[in-house]
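[1] Sequence and predicted model, in that order:
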Amino acid sequence: MKNYWRYLCLGFFGLVLAGCEARSASPVTATKIVSGLDHPWSMAFLPEDEILVTERGGRLRSIKKGKLSPPISGVPEVYAQGQGGLLGIAAHPQFAENRLLYLAYSGAGKDGASTELVRAQYQNGQLSNLQKIFVASPKVQTAHHFGGRLLFDKQGYLYLSLGDRGQQDLAQDRSNHAGGVVRLKEDGNVPETNPFRGKAGLAPELYTYGHRNVQGIALNPSNGQVWTHEHGPQGGDEINILKAGANYGWPVITYGEQYGGGRVGEGKTQQAGMEQPMHYWTPSIAPSGMTFYTGNKYSGWNGNLFVGSLKFAKLVRLTLVGGKVAAEESLLEGEIGRIRDVQQGPDGYLYLLNDESNGGLYRLEPSQ
(Lines give C-alpha, C1' and ligand atoms only; values in the text may rest on other atoms or scores of the structure.)
Protein backbone atom coordinates (compact mmCIF):
# COMPACT_ATOMS: atom_id res chain seq x y z
CA MET A 1 0.00 0.00 0.00
CA LYS A 2 2.87 2.39 0.79
CA ASN A 3 4.32 1.87 -2.69
CA TYR A 4 0.88 2.48 -4.25
CA TRP A 5 0.50 5.92 -2.61
CA ARG A 6 4.12 6.77 -3.39
CA TYR A 7 3.53 5.87 -7.02
CA LEU A 8 0.31 7.93 -7.12
CA CYS A 9 2.03 10.99 -5.74
CA LEU A 10 5.07 10.78 -8.00
CA GLY A 11 3.12 9.87 -11.13
CA PHE A 12 4.54 8.20 -14.20
CA PHE A 13 6.92 11.10 -14.83
CA GLY A 14 8.09 11.68 -11.28
CA LEU A 15 5.95 14.80 -10.83
CA VAL A 16 4.51 15.60 -7.42
CA LEU A 17 0.75 16.04 -7.64
CA ALA A 18 -0.93 18.93 -5.84
CA GLY A 19 -2.21 17.85 -2.44
CA CYS A 20 0.15 14.89 -2.15
CA GLU A 21 3.00 16.76 -0.53
CA ALA A 22 3.42 16.09 3.18
CA ARG A 23 2.28 18.85 5.52
CA SER A 24 4.01 19.61 8.78
CA ALA A 25 1.96 18.93 11.88
CA SER A 26 0.41 21.91 13.62
CA PRO A 27 2.55 23.10 16.56
CA VAL A 28 -0.57 23.59 18.69
CA THR A 29 -3.89 21.93 19.46
CA ALA A 30 -7.12 23.68 20.45
CA THR A 31 -8.58 21.86 23.47
CA LYS A 32 -12.24 22.61 24.15
CA ILE A 33 -12.91 23.75 27.72
CA VAL A 34 -16.68 24.31 27.39
CA SER A 35 -19.29 24.36 24.65
CA GLY A 36 -22.84 25.67 24.54
CA LEU A 37 -21.98 29.36 24.19
CA ASP A 38 -24.20 31.38 21.82
CA HIS A 39 -21.88 33.45 19.63
CA PRO A 40 -19.34 34.26 22.37
CA TRP A 41 -17.65 37.61 21.81
CA SER A 42 -15.18 38.51 24.55
CA MET A 43 -13.66 37.15 27.77
CA ALA A 44 -12.14 38.38 31.00
CA PHE A 45 -9.99 36.41 33.46
CA LEU A 46 -10.82 36.84 37.14
CA PRO A 47 -9.24 35.57 40.37
CA GLU A 48 -9.83 31.99 41.52
CA ASP A 49 -9.61 30.63 37.95
CA GLU A 50 -12.90 32.20 36.83
CA ILE A 51 -13.48 33.33 33.26
CA LEU A 52 -16.38 35.57 32.23
CA VAL A 53 -17.61 35.37 28.63
CA THR A 54 -20.05 37.66 26.83
CA GLU A 55 -22.54 36.22 24.35
CA ARG A 56 -23.59 38.56 21.58
CA GLY A 57 -27.28 37.90 22.21
CA GLY A 58 -27.03 39.58 25.61
CA ARG A 59 -25.96 36.97 28.15
CA LEU A 60 -22.93 36.97 30.43
CA ARG A 61 -21.62 33.54 31.51
CA SER A 62 -19.09 32.33 34.06
CA ILE A 63 -16.74 29.38 33.55
CA LYS A 64 -15.07 27.72 36.53
CA LYS A 65 -13.31 24.36 36.49
CA GLY A 66 -14.67 23.63 33.03
CA LYS A 67 -18.31 24.25 33.99
CA LEU A 68 -20.54 26.84 32.34
CA SER A 69 -22.85 28.84 34.59
CA PRO A 70 -26.43 29.88 33.89
CA PRO A 71 -26.75 33.47 32.61
CA ILE A 72 -25.56 36.06 35.16
CA SER A 73 -28.21 38.52 36.31
CA GLY A 74 -27.95 42.30 36.10
CA VAL A 75 -26.72 42.63 32.51
CA PRO A 76 -28.02 45.76 30.71
CA GLU A 77 -30.57 45.41 27.92
CA VAL A 78 -28.80 45.20 24.58
CA TYR A 79 -29.72 45.88 20.97
CA ALA A 80 -28.99 42.40 19.62
CA GLN A 81 -29.41 43.04 15.91
CA GLY A 82 -26.93 42.38 13.11
CA GLN A 83 -23.45 42.84 14.55
CA GLY A 84 -24.86 44.44 17.68
CA GLY A 85 -25.31 42.89 21.10
CA LEU A 86 -23.24 42.31 24.23
CA LEU A 87 -19.65 42.88 23.13
CA GLY A 88 -16.45 43.64 25.07
CA ILE A 89 -15.70 42.99 28.72
CA ALA A 90 -12.84 44.14 30.95
CA ALA A 91 -12.03 43.78 34.62
CA HIS A 92 -10.75 46.80 36.51
CA PRO A 93 -6.98 46.61 37.15
CA GLN A 94 -7.77 46.42 40.90
CA PHE A 95 -10.66 44.02 40.43
CA ALA A 96 -9.62 41.86 43.40
CA GLU A 97 -10.26 44.85 45.69
CA ASN A 98 -13.19 46.67 44.05
CA ARG A 99 -14.91 43.89 42.00
CA LEU A 100 -15.57 46.33 39.12
CA LEU A 101 -16.38 45.05 35.63
CA TYR A 102 -16.90 47.01 32.41
CA LEU A 103 -19.24 45.92 29.61
CA ALA A 104 -19.54 47.38 26.10
CA TYR A 105 -22.73 46.72 24.15
CA SER A 106 -25.01 48.16 21.51
CA GLY A 107 -27.82 50.13 23.12
CA ALA A 108 -30.99 51.42 21.49
CA GLY A 109 -32.45 54.92 21.67
CA LYS A 110 -35.15 56.88 19.87
CA ASP A 111 -32.88 57.62 16.88
CA GLY A 112 -31.37 54.15 16.54
CA ALA A 113 -28.47 52.42 18.27
CA SER A 114 -24.87 53.09 19.27
CA THR A 115 -22.18 51.58 21.47
CA GLU A 116 -22.63 52.12 25.19
CA LEU A 117 -20.48 51.34 28.23
CA VAL A 118 -21.46 50.37 31.77
CA ARG A 119 -19.56 49.44 34.88
CA ALA A 120 -20.90 47.27 37.68
CA GLN A 121 -19.75 45.26 40.65
CA TYR A 122 -19.56 41.50 40.19
CA GLN A 123 -20.17 39.56 43.38
CA ASN A 124 -21.62 36.15 44.14
CA GLY A 125 -22.39 35.43 40.50
CA GLN A 126 -24.37 38.58 39.76
CA LEU A 127 -23.94 42.21 38.71
CA SER A 128 -25.02 45.10 40.93
CA ASN A 129 -24.66 48.89 41.15
CA LEU A 130 -24.84 49.19 37.36
CA GLN A 131 -23.76 52.61 36.05
CA LYS A 132 -23.89 53.76 32.44
CA ILE A 133 -20.70 55.77 32.01
CA PHE A 134 -20.55 56.42 28.25
CA VAL A 135 -22.91 56.54 25.26
CA ALA A 136 -21.46 57.00 21.77
CA SER A 137 -23.06 59.55 19.51
CA PRO A 138 -24.85 59.61 17.20
CA LYS A 139 -27.41 56.83 17.40
CA VAL A 140 -28.26 55.72 13.88
CA GLN A 141 -30.55 53.24 12.16
CA THR A 142 -27.96 50.64 11.18
CA ALA A 143 -26.97 47.33 12.77
CA HIS A 144 -23.25 47.06 12.06
CA HIS A 145 -19.82 48.53 12.88
CA PHE A 146 -20.18 48.93 16.64
CA GLY A 147 -16.51 48.21 17.50
CA GLY A 148 -16.77 47.21 21.17
CA ARG A 149 -13.33 46.19 22.47
CA LEU A 150 -12.11 47.38 25.89
CA LEU A 151 -8.61 47.85 27.30
CA PHE A 152 -6.96 49.43 30.35
CA ASP A 153 -3.51 50.90 29.74
CA LYS A 154 -0.61 51.14 32.19
CA GLN A 155 -1.85 54.52 33.48
CA GLY A 156 -5.28 53.10 34.26
CA TYR A 157 -7.10 54.81 31.39
CA LEU A 158 -9.87 52.84 29.70
CA TYR A 159 -10.06 52.61 25.90
CA LEU A 160 -13.25 51.70 24.04
CA SER A 161 -13.05 50.98 20.32
CA LEU A 162 -15.89 52.07 18.04
CA GLY A 163 -16.95 51.77 14.41
CA ASP A 164 -18.30 54.15 11.80
CA ARG A 165 -21.80 52.59 12.14
CA GLY A 166 -21.91 52.18 8.38
CA GLN A 167 -21.92 55.98 7.93
CA GLN A 168 -18.46 56.42 6.41
CA ASP A 169 -18.19 60.20 6.50
CA LEU A 170 -18.88 60.29 10.26
CA ALA A 171 -15.40 58.81 10.83
CA GLN A 172 -13.79 62.12 9.79
CA ASP A 173 -16.17 64.25 11.89
CA ARG A 174 -14.61 64.84 15.31
CA SER A 175 -17.82 66.28 16.73
CA ASN A 176 -19.14 62.72 17.16
CA HIS A 177 -17.66 59.39 18.29
CA ALA A 178 -18.32 57.23 15.20
CA GLY A 179 -15.14 55.73 13.76
CA GLY A 180 -13.14 56.63 16.83
CA VAL A 181 -11.37 55.14 19.80
CA VAL A 182 -12.34 56.90 23.03
CA ARG A 183 -10.23 57.18 26.18
CA LEU A 184 -11.88 57.55 29.58
CA LYS A 185 -11.08 57.56 33.25
CA GLU A 186 -12.28 54.51 35.18
CA ASP A 187 -15.49 56.35 36.14
CA GLY A 188 -16.25 57.50 32.60
CA ASN A 189 -14.95 61.05 33.02
CA VAL A 190 -12.65 62.55 30.39
CA PRO A 191 -8.88 62.60 31.08
CA GLU A 192 -7.38 66.09 31.22
CA THR A 193 -4.79 65.06 28.61
CA ASN A 194 -7.24 63.83 25.96
CA PRO A 195 -6.27 65.54 22.67
CA PHE A 196 -9.65 67.17 21.92
CA ARG A 197 -10.74 68.07 25.42
CA GLY A 198 -11.62 71.77 25.71
CA LYS A 199 -11.73 72.30 21.93
CA ALA A 200 -15.02 73.80 20.80
CA GLY A 201 -17.28 71.50 18.85
CA LEU A 202 -15.08 68.39 19.23
CA ALA A 203 -15.92 65.25 21.20
CA PRO A 204 -13.66 65.33 24.27
CA GLU A 205 -13.72 61.56 24.73
CA LEU A 206 -12.05 60.94 21.35
CA TYR A 207 -8.46 59.73 21.45
CA THR A 208 -8.12 58.83 17.74
CA TYR A 209 -10.44 58.96 14.74
CA GLY A 210 -10.72 57.90 11.10
CA HIS A 211 -11.29 54.20 11.84
CA ARG A 212 -13.76 51.90 10.08
CA ASN A 213 -14.57 49.22 12.68
CA VAL A 214 -12.06 48.45 15.43
CA GLN A 215 -12.50 44.92 16.84
CA GLY A 216 -9.05 44.27 18.25
CA ILE A 217 -7.10 46.16 20.90
CA ALA A 218 -4.01 45.13 22.86
CA LEU A 219 -1.29 46.62 25.05
CA ASN A 220 2.27 46.17 23.81
CA PRO A 221 4.05 44.96 26.96
CA SER A 222 7.46 46.13 25.78
CA ASN A 223 6.60 49.83 25.64
CA GLY A 224 3.00 50.34 26.80
CA GLN A 225 1.72 51.33 23.34
CA VAL A 226 -1.93 50.63 22.53
CA TRP A 227 -2.33 48.68 19.29
CA THR A 228 -5.60 48.15 17.43
CA HIS A 229 -6.81 46.41 14.34
CA GLU A 230 -9.84 47.21 12.25
CA HIS A 231 -11.91 45.74 9.45
CA GLY A 232 -11.30 47.17 6.01
CA PRO A 233 -13.99 46.98 3.32
CA GLN A 234 -12.99 44.42 0.66
CA GLY A 235 -9.33 44.21 1.61
CA GLY A 236 -7.41 46.68 3.71
CA ASP A 237 -7.78 45.27 7.23
CA GLU A 238 -5.30 47.26 9.31
CA ILE A 239 -3.14 47.07 12.41
CA ASN A 240 -2.44 50.51 13.88
CA ILE A 241 -0.49 51.95 16.80
CA LEU A 242 -2.58 54.61 18.50
CA LYS A 243 -1.22 58.16 18.76
CA ALA A 244 -3.16 60.82 20.63
CA GLY A 245 -5.26 62.90 18.23
CA ALA A 246 -4.18 60.99 15.12
CA ASN A 247 -6.35 60.52 12.04
CA TYR A 248 -6.23 56.97 10.61
CA GLY A 249 -7.74 57.99 7.32
CA TRP A 250 -11.00 56.13 6.80
CA PRO A 251 -12.70 56.60 4.34
CA VAL A 252 -10.30 59.04 2.65
CA ILE A 253 -7.46 56.51 2.44
CA THR A 254 -7.65 52.71 2.50
CA TYR A 255 -5.91 49.69 1.00
CA GLY A 256 -9.32 48.09 0.39
CA GLU A 257 -12.02 48.59 -2.20
CA GLN A 258 -15.81 48.62 -2.32
CA TYR A 259 -17.57 45.28 -1.93
CA GLY A 260 -17.89 43.86 -5.42
CA GLY A 261 -15.03 46.03 -6.66
CA GLY A 262 -14.47 49.72 -7.28
CA ARG A 263 -12.50 52.32 -5.39
CA VAL A 264 -13.46 53.86 -2.08
CA GLY A 265 -13.69 57.62 -2.52
CA GLU A 266 -10.82 58.74 -4.71
CA GLY A 267 -9.04 55.41 -4.29
CA LYS A 268 -6.14 56.87 -2.33
CA THR A 269 -3.91 54.88 0.03
CA GLN A 270 -1.98 57.86 1.47
CA GLN A 271 -2.58 61.47 2.33
CA ALA A 272 -0.66 64.03 4.35
CA GLY A 273 -1.87 64.23 7.94
CA MET A 274 -3.25 60.69 7.95
CA GLU A 275 -1.56 57.69 9.55
CA GLN A 276 -0.34 54.69 7.60
CA PRO A 277 -1.10 51.24 9.07
CA MET A 278 1.87 49.38 10.48
CA HIS A 279 0.48 46.26 8.77
CA TYR A 280 -2.49 45.46 6.53
CA TRP A 281 -4.14 42.49 4.84
CA THR A 282 -5.35 42.30 1.26
CA PRO A 283 -7.47 40.26 0.86
CA SER A 284 -9.24 40.77 4.18
CA ILE A 285 -8.98 38.22 6.93
CA ALA A 286 -11.83 39.84 8.93
CA PRO A 287 -9.80 40.24 12.14
CA SER A 288 -11.32 40.00 15.60
CA GLY A 289 -9.57 39.82 18.97
CA MET A 290 -5.88 40.51 19.48
CA THR A 291 -3.24 39.92 22.14
CA PHE A 292 0.52 40.04 22.66
CA TYR A 293 1.91 36.81 24.06
CA THR A 294 4.23 37.13 27.09
CA GLY A 295 4.37 33.55 28.42
CA ASN A 296 6.61 30.53 27.98
CA LYS A 297 4.17 27.74 27.11
CA TYR A 298 5.05 27.81 23.41
CA SER A 299 8.61 27.73 22.19
CA GLY A 300 9.69 30.91 20.42
CA TRP A 301 6.36 32.71 20.73
CA ASN A 302 7.14 35.22 23.47
CA GLY A 303 6.57 38.73 22.11
CA ASN A 304 4.46 37.54 19.17
CA LEU A 305 1.12 39.16 18.29
CA PHE A 306 -1.97 36.97 17.81
CA VAL A 307 -5.09 37.90 15.84
CA GLY A 308 -8.28 35.90 15.27
CA SER A 309 -9.65 35.64 11.73
CA LEU A 310 -13.38 35.33 11.13
CA LYS A 311 -13.22 35.02 7.35
CA PHE A 312 -10.65 32.24 7.20
CA ALA A 313 -11.53 30.62 10.55
CA LYS A 314 -7.94 30.67 11.78
CA LEU A 315 -5.53 32.18 14.29
CA VAL A 316 -2.82 34.42 12.87
CA ARG A 317 0.60 34.56 14.56
CA LEU A 318 2.70 37.62 13.74
CA THR A 319 6.42 37.73 14.52
CA LEU A 320 7.61 41.26 15.26
CA VAL A 321 11.12 42.61 14.71
CA GLY A 322 11.85 46.21 15.57
CA GLY A 323 8.15 46.89 16.05
CA LYS A 324 7.27 45.69 12.55
CA VAL A 325 5.74 42.47 11.24
CA ALA A 326 8.54 40.21 10.00
CA ALA A 327 6.62 36.95 9.50
CA GLU A 328 3.07 35.61 9.55
CA GLU A 329 1.81 32.10 10.29
CA SER A 330 -1.70 30.66 10.06
CA LEU A 331 -2.81 28.25 12.80
CA LEU A 332 -5.93 26.08 13.29
CA GLU A 333 -7.31 27.03 9.88
CA GLY A 334 -10.81 25.57 9.59
CA GLU A 335 -10.44 23.55 12.80
CA ILE A 336 -12.71 25.34 15.28
CA GLY A 337 -14.61 27.85 13.13
CA ARG A 338 -14.58 31.65 13.11
CA ILE A 339 -12.25 32.90 15.83
CA ARG A 340 -13.81 35.89 17.60
CA ASP A 341 -11.39 36.48 20.48
CA VAL A 342 -7.91 35.48 21.62
CA GLN A 343 -6.49 36.30 25.06
CA GLN A 344 -3.65 35.10 27.25
CA GLY A 345 -4.78 33.51 30.51
CA PRO A 346 -3.07 33.82 33.90
CA ASP A 347 -1.71 30.29 33.41
CA GLY A 348 0.33 31.40 30.37
CA TYR A 349 -1.84 29.63 27.77
CA LEU A 350 -3.73 31.32 24.94
CA TYR A 351 -7.53 31.03 25.03
CA LEU A 352 -9.89 31.34 22.07
CA LEU A 353 -13.60 31.94 21.50
CA ASN A 354 -15.27 30.83 18.28
CA ASP A 355 -18.18 32.78 16.84
CA GLU A 356 -20.71 29.97 16.46
CA SER A 357 -24.28 29.32 17.63
CA ASN A 358 -22.85 26.45 19.68
CA GLY A 359 -19.59 28.20 20.38
CA GLY A 360 -16.91 27.25 22.83
CA LEU A 361 -13.95 28.32 24.88
CA TYR A 362 -10.69 26.67 23.82
CA ARG A 363 -7.22 26.49 25.33
CA LEU A 364 -4.29 26.43 22.92
CA GLU A 365 -1.82 23.72 23.90
CA PRO A 366 1.48 22.63 22.35
CA SER A 367 1.02 19.53 20.20
CA GLN A 368 2.66 16.40 21.51
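    Nice, thanks for sending it over. Residues are numbered from 1 along each chain as shown.

[2] What is the burial count for the nearest residue to residue 282 once chain neighbours are set aside?
    Nearest residue to residue 282, sequence neighbours excluded (C-beta to C-beta, 6 or more residues apart in numbering): residue 235, at 3.8 Å. Using the backbone N, CA and C atoms, a C-beta is placed for each residue, glycine as well. As a burial measure, residue 235 scores 16 neighbours (other C-beta atoms under 10 Å).

[3] And residue 358, by the same measure?
    When counting by other C-beta under 10 Å, one arrives at 11 neighbours for residue 358.

[4] Surely it and residue 35 touch.
    Yes: at 6.0 Å, residue 358 counts as touching residue 35 under the criterion of C-beta atoms under 8 Å.

[5] Tell me how far the residue nearest to residue 282 lies from residue 211.
    Applying C-beta to C-beta, to the nearest Å, the value for residue 235 to residue 211 is 16 Å.

[6] Could you do residue 96 as well?
    Distance, residue 96 to residue 211, using C-beta to C-beta: 33 Å.

[7] Who has more neighbours out of those two?
    With neighbours defined as other C-beta under 10 Å, residue 96 and residue 211 compare such that residue 211 has more, 28 against 11.

[8] Helix, strand, or coil at the more buried one?
    The three-state label for residue 211, taken from DSSP: H, G, I helix; E, B strand; the rest coil, comes out as coil.

[9] What of residue 145?
    Using three-state DSSP, the structure places residue 145 in coil.

[10] ok, now which ones touch it?
    83, 163-166, 212-213, 231 (C-beta atoms under 8 Å, 6 or more residues apart in numbering).

[11] Of those residues, grab the buried ones for PyMOL.
    Buried subset of the contacts of residue 145, written as a PyMOL selection, criterion 16 or more other C-beta atoms under 10 Å:
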select buried, resi 83+163+164+165+166+212+213+231
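
[12] pLDDT at the nearest residue to residue 122 once chain neighbours are set aside, what is it?
    Nearest residue to residue 122, sequence neighbours excluded (C-beta to C-beta, 6+ apart): residue 101, at 4.8 Å. Looking at residue 101, its pLDDT reads 98.

[13] ok so residue 101 is a strand residue?
    Yes: assessed with three-state DSSP, residue 101 lies in a strand.

[14] can you pull the contacts of it?
    44, 52, 89-92, 95, 119-122, 127.

[15] Can you tell me the closest non-neighbouring residue to residue 138?
    Ranked by C-beta to C-beta, 6+ apart and with sequence neighbours excluded, the top spatial neighbour of residue 138 is residue 176, at 5.6 Å.

[16] and the one you found, how many neighbours?
    Using other C-beta under 10 Å, residue 176 has 21 other residues around it.

[17] For the stretch 51-200 of the chain, which segments count as helices?
    For the stretch 51-200 of the chain, applying DSSP state H, counting those that start in this stretch gives helices covering 95-98.

[18] quick one: low-confidence parts of this structure?
    Scanning the chain for pLDDT under 70 picks out 1-25.

[19] By residue count, what's the longest strand in it?
    Counting residues, the longest strand in the chain under DSSP state E turns out to be strand 112-123.

[20] If we go by neighbour counts, what in that one is buried?
    The neighbour-count check on strand 112-123 (16+ other C-beta under 10 Å) flags 113-122 as buried.

[21] farthest-separated two in these?
    Greatest spacing in those, by C-beta to C-beta: 113 and 121 (26.1 Å).

[22] Surely residue 42 is in a helix?
    No: using three-state DSSP, the assignment for residue 42 is strand, not a helix.

[23] before we move on, the earlier item: do I have it right that the residue nearest to residue 282 meets residue 269?
    No: using C-beta under 8 Å, residue 235 is not in contact with residue 269; the gap is 10.9 Å.

[24] anything in contact with each of those two?
    Common contacts of residue 235 and residue 269 (C-beta under 8 Å, 6+ apart): residue 255.

[25] before we move on, what SS does residue 251 have?
    The three-state assignment at residue 251 reads coil, by three-state DSSP.

[26] so who does the residue nearest to residue 282 touch?
    Residue 235 sits next to 255-257, 281-284 when contact means C-beta under 8 Å, 6+ apart.

[27] And for residue 157?
    Taking C-beta under 8 Å, 6+ apart, we find residue 157 in contact with 183-185, 191.

[28] Now distance to residue 345 too, for these, in a markdown table please.
    Supplementary listing: the contacts of residue 157 in a markdown table, determined by distance: C-beta to C-beta, whole Å:
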| residue | distance to residue 345 |
| --- | --- |
| 183 | 26 |
| 184 | 26 |
| 185 | 27 |
| 191 | 30 |
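
[29] among those residues, which ones are buried?
    With neighbours counted by 16+ other C-beta under 10 Å, the contacts of residue 157 contain buried members at 183-184, 191.

[30] CSV for the residues you listed, including distance to residue 64?
    Putting the buried ones among the contacts of residue 157 into CSV (distance: C-beta to C-beta, whole Å) gives the following:
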residue, distance to residue 64
183, 33
184, 30
191, 35
